[in-house]
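>>> Predicted structure and sequence below. I'll ask about it afterward.
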Amino acid sequence: MARYSSTTTFDLIAVCASSRDSVAWEEFLSRIQRPVGLSVVRTARQWGPAPQQVIDDLVQETYVKLCADNCRSLLEFAVQHPDAVAGYIKTIAVNLVHDHFKSRYSQKRGAGRPQESLEHLDPIAGSEVFGGPRAMERQILLKEIDRYLEECSVGPDQERDRQVFWFYYQQGMSAKAIAALPTVGLTAKGVESLILRLTRLIRERIVSVRKDDRTSRDQKGFQAAESY
């Protein structure tokens, strides 16, 4: 792979799209391995614990989709948006994972989120590993934010707004990279404005819910004291 180690990603995609050079393909796959893997794992965790075999299968499916027709779709995007290729690759992975789990759970609960199950959790997992206490707390927080996100964003652009939010906060994509994605339909300024608006609404929602919870606990405590 040495002869392609200094080749730009754009040029490497062009080589893969126009030839069967196995060395070029190996270099390409080695470059996308980390972003695809991280995107698949992070997105899958939004749906709950997933076996490693499922993660591996989703990663492979993402490779297949990206490499379909000799990377033709990826090359077409790269020609138009050369600075947003990494974001495009992450988007393909994220959308594929969401589609997988939506299809998997549609028979049980329509298009909603899957019901939490304890059978996949490791009772002796450490605090940092997936399934450990801290990871579980983070998973609960992400689900809570995602629920508020759905409440704060309504209308025909709800799913797009949700993806933009998570592309920015979870995938680490810039507003410019997100705006370059063909499904977004916003300028970089529009993406920034949307993220700021959603962030403000979610924070207000979290503060309101926690305030209501404290009020409810105080009322129950007062009633309990009176009965005592």
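Happy to help now that I have it.

>>> contacts, neighbours, all on C-alpha from now
OK.

>>> care to break the chain down by domain?
1-109, 125-228 (automatic domain parsing).

>>> Using the three-state scheme, assign residue 64.
Following DSSP: H, G, I helix; E, B strand; the rest coil, the label given to residue 64 is helix.

>>> so how many other residues sit close to it?
13 (other Cα atoms under 10 Å).

>>> And for residue 56?
Using other Cα under 10 Å: residue 56 sits among 14 other residues.

>>> low-confidence ranges in the protein?
By pLDDT under 70, the weakly predicted segments of the chain are 1-2, 105-141, 171, 210-228.

>>> All the helices of it, in order from the start?
Taking DSSP state H, the helices of the chain run over residues 9-18, 22-45, 52-80, 85-109, 133-152, 158-169, 175-180, 188-227.

>>> what distance separates the fourth one from the centre of its chain?
When you say that, I think you mean helix 85-109. 8 Å (Cα atoms, centre = their mean, to the nearest Å).

>>> which parts of it are buried?
85-94, 96-98, 101-102, 105 (16 or more other Cα atoms under 10 Å).

>>> residue closest to the middle of this structure?
residue 43 (3.9 Å; Cα atoms, centre = their mean).

>>> Who are the contact partners of it?
Going by Cα atoms under 8 Å, 6 or more residues apart in numbering, residue 43 touches 94, 97-98.

>>> still on that earlier bit, closest to residue 79 out of the buried residues of helix 85-109?
Checking the buried residues of helix 85-109 against residue 79 with Cα to Cα, the nearest one is residue 85 at 9.4 Å.
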